[in-house]
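Asks: starting from these lines, generate the structure:
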Amino acid sequence: MPYRELQFTVGAEIAEPLGDALMEIGALSVSVEDAAAGGYDENPLYGEPGLSPEVQAWDLSSVKALFSKDLDLPLNDLVAELKEAGFSVNPPQEVIIADQDWVRLTQSQFEPIHVGKRIWIVPSWHQTPNDPDAICLAVDPGLAFGTGSHPTTRLCLEWLEQCSQESALNSQSLLDYGCGSGILAIAAYKLGFGEVFGTDIDPQAIESARTNAQQNQTRIQFQLPDDIENAVGNQVFDVVIANILANPLQVLAPALIARLKPGGQLVLSGILERQVDEVITSYQNSLQLSVWGIDEGWVCLIGKLSPKAQNMAFSSPRSIHDEPKKLSGLGLKHIVTKSGLIKKPLSIKKQLLAGLAVLLIAYPFATAFWRMPMLHALAPSMDGSPNSIGLSAFRAVQTIDNFLCEWIPCDRKAIADFKAWRFISANLGIAEINNRDPGLPAAQSMLQIELQNRLALPIAIPGLELILTDADEKTIVRILLSPEEWLPKTWQSTHPDFLLTGASAGEVFNLSIPLQVPSNAAGYRLRVAYPTQSPTNP
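Replies: I've put the predicted structure just below:
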């Protein structure tokens, strides 16, 4: 059955209400497109999570309404009806759309995609390539991002393929953070990774990824973030890969790094070339990122988490003369040293007394200088699903430590740690401000924050750095709030030594901060910052 398509060209402010009116008149569907697409006047709309465009239309929009061919409604009558409803529009262009096999037409737009040397993304309605070395991913276009056609996805697939050529992967694990359709996790599994997990905040993406995993006969767990915590607990991975967007990648820096094994590799994509420096800066306190590849203006960054330093004992080469020799026949055991002197070994009782003396002398120095760093290294995280045994053991250590600190002077100054802080929620009410004339002065807005110390020991309270950006993501202004400025006054009065003692284990701050925000602000980033260190994204 053919259809009638009516095309109206209108301004951005009436595109959406006009579409609603056309649906009420009897339109089967309505779409809004850029009337200047492909021309010099094209005006792209950009939006990221939390930074959606204020108006979901273009300066000059083409509103297309599809009607049944049987609808008996002359164009003049339609325009008159719209004008009565308050829409001043010109008569539309009318196009007759022939009936087609829409499923086949849609499928014809998706051909197999060849990525790298061996990877093929093949929709289910196509035959797989006749190549014995091909790694074929059966992925159909759907509601979730990830069909292999986007440069960011291609970059990640090419990195995974290169990784599989350089080393054996069957003992390595991978987490696909923001998995979308699951294409990267599925590729990793087929390329040889031994254990693969995927997570996404979108339930539809999880369902799509599970369907694709089943279709590809792969054993991969795809879970929502809360569920992945229950599935893997505090597990860390050899590779964490995140193909999202620059802003969320900066906010998620601590979460992604926390999932990496020492020596593990982090792969980030979804980053434009102009955003590279900001993303690298967000991770610089934990690892050094570098550009691995660029495709059509999109960049893939990689970095390796340095293994934790290990204490190693070094000794000089020894000769046979350095080895102790036992002499018998005297009724006692003696030791002949290199110098030739004969010494009788200390009794167990004397050894214990000597060890205790060393401990009593050394411990005051350790508690004075290294107590907090040692406790910080042992402290488990209290968010998610903490290991109850590890948490109980650490609390026992704290009990012993508190007892000893009653008799020995201890360093009680809380340690500074970016990764200890987690933004449970953050919201800056800037939507109303975007409607203001850019020439008007800044208006007051409200920054609402829920911030938690997620470690099981006190952590030094940081400052807060708020970075406001315009619609092009260029920094407009940086606002740095000291602890005295953002902490609730009532809390400060009950914790007079908070600059020394910090926030207690697991403490949550829930507060609202009034701010003057420029009228052209379109987005923001919120980070924690210590005065003597660079800020990072908790």
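
Asks: phi, psi for the residue minimising distance to the centre of the chain please.
Replies: Per Cα atoms, centre = their mean, the C-alpha nearest to the average position across the chain is that of residue 252, at 3.1 Å. Dihedral pair for residue 252: phi -90, psi 0, per degrees, to the nearest 10.

Asks: can you check residue 29 too?
Replies: According to degrees, to the nearest 10, residue 29 has phi -160, psi 160.

Asks: residue 67 is in contact with that one, correct?
Replies: No - under the criterion of Cβ atoms under 8 Å, residue 29 is not in contact with residue 67, lying 9.3 Å apart. Glycine gets a C-beta too; all of them are placed from N, C-alpha and C.

Asks: look at the two and report which has more neighbours.
Replies: residue 67 (20 against 13; other Cβ atoms under 10 Å).

Asks: now that one, nearest residue through space, not along the chain?
Replies: Distance criterion Cβ to Cβ, 6 or more residues apart in numbering; nearest residue to residue 67, sequence neighbours excluded, is residue 4 at 4.4 Å.

Asks: also residue 149?
Replies: In space, residue 149 is closest to residue 113, 6.0 Å off (Cβ to Cβ, 6+ apart).

Asks: what about residue 133, how many residues nearby?
Replies: Residue 133 is flanked by 6 other residues according to other Cβ under 10 Å.

Asks: residue 118 is in contact with that one, correct?
Replies: Yes - at 5.6 Å, residue 133 counts as touching residue 118 under the criterion of Cβ under 8 Å.

Asks: who's in contact with the residue nearest to residue 67?
Replies: Contact analysis of residue 4 by Cβ atoms under 8 Å, 6 or more residues apart in numbering lists 66, 67, 68, 69, 71, 94, 95, 96, 97.

Asks: before we move on, the earlier item: any idea how far the residue nearest to the centre of the chain is from residue 267?
Replies: In this view, residue 252 and residue 267 are 13 Å apart by Cβ to Cβ, to the nearest Å.

Asks: list residues touching both of those two?
Replies: By Cβ under 8 Å, 6+ apart, residue 252 and residue 267 have these common neighbours: residue 242.

Asks: give the burial count for residue 515, as a bare number.
Replies: Residue 515, neighbours per other Cβ under 10 Å, totals 18.

Asks: that one: which element?
Replies: According to DSSP states H and E, residue 515 maps onto strand 508-517.

Asks: so which bits of that strand are buried?
Replies: Within strand 508-517, the residues scored as buried using 16 or more other Cβ atoms under 10 Å are 509, 513, 515, 517.

Asks: now stretch 69-84
Replies: 78, 79, 82.

Asks: distance check, the closest residue to residue 33 other than its chain neighbours against residue 78.
Replies: Leaving aside its sequence neighbours, residue 33 sits nearest to residue 62 (Cβ to Cβ, 6+ apart; 4.7 Å). As for residue 62, its distance to residue 78 is 17 Å (criterion: Cβ to Cβ).

Asks: now residue 195
Replies: For residue 195 relative to residue 78 (Cβ to Cβ), the value is 60 Å.

Asks: what of residue 59?
Replies: Taking Cβ to Cβ, one finds residue 59 at 25 Å from residue 78.

Asks: circling back: any chance of TSV for the buried residues of strand 508-517, columns distance to residue 469 and pLDDT?
Replies: What follows is those, written out as TSV (distance: Cβ to Cβ, whole Å; pLDDT from 0 to 100):
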residue	distance to residue 469	pLDDT
509	25	88
513	19	85
515	15	81
517	12	79
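
Asks: and of the residues you listed, the nearest to residue 474?
Replies: Distance to residue 474 across the buried residues of strand 508-517 (Cβ to Cβ) is lowest for residue 517, with 15.5 Å.

Asks: surely the closest one touches residue 468?
Replies: Yes - between residue 517 and residue 468 there is a contact at 6.5 Å, judged by Cβ under 8 Å.

Asks: how about the host helix or strand of residue 18 as PDB, C-alpha atoms only?
Replies: In the assignment (DSSP H and E), residue 18 maps to helix 12-25. This file holds the C-alpha atoms of helix 12-25, laid out as PDB (Å, rounded to 0.1, in the frame of the first residue of the first chain):
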ATOM      1  CA  ALA A  12      13.200  24.800  15.600                       C
ATOM      2  CA  GLU A  13      10.700  26.100  18.200                       C
ATOM      3  CA  ILE A  14       7.600  24.700  16.500                       C
ATOM      4  CA  ALA A  15       9.100  21.400  15.000                       C
ATOM      5  CA  GLU A  16       8.200  19.200  18.000                       C
ATOM      6  CA  PRO A  17       4.700  20.700  18.700                       C
ATOM      7  CA  LEU A  18       3.900  20.500  14.900                       C
ATOM      8  CA  GLY A  19       4.800  16.900  14.900                       C
ATOM      9  CA  ASP A  20       2.400  16.300  17.900                       C
ATOM     10  CA  ALA A  21      -0.400  18.100  16.000                       C
ATOM     11  CA  LEU A  22       0.200  16.000  12.900                       C
ATOM     12  CA  MET A  23       0.000  12.800  14.900                       C
ATOM     13  CA  GLU A  24      -3.400  14.000  16.300                       C
ATOM     14  CA  ILE A  25      -4.700  14.600  12.800                       C
END
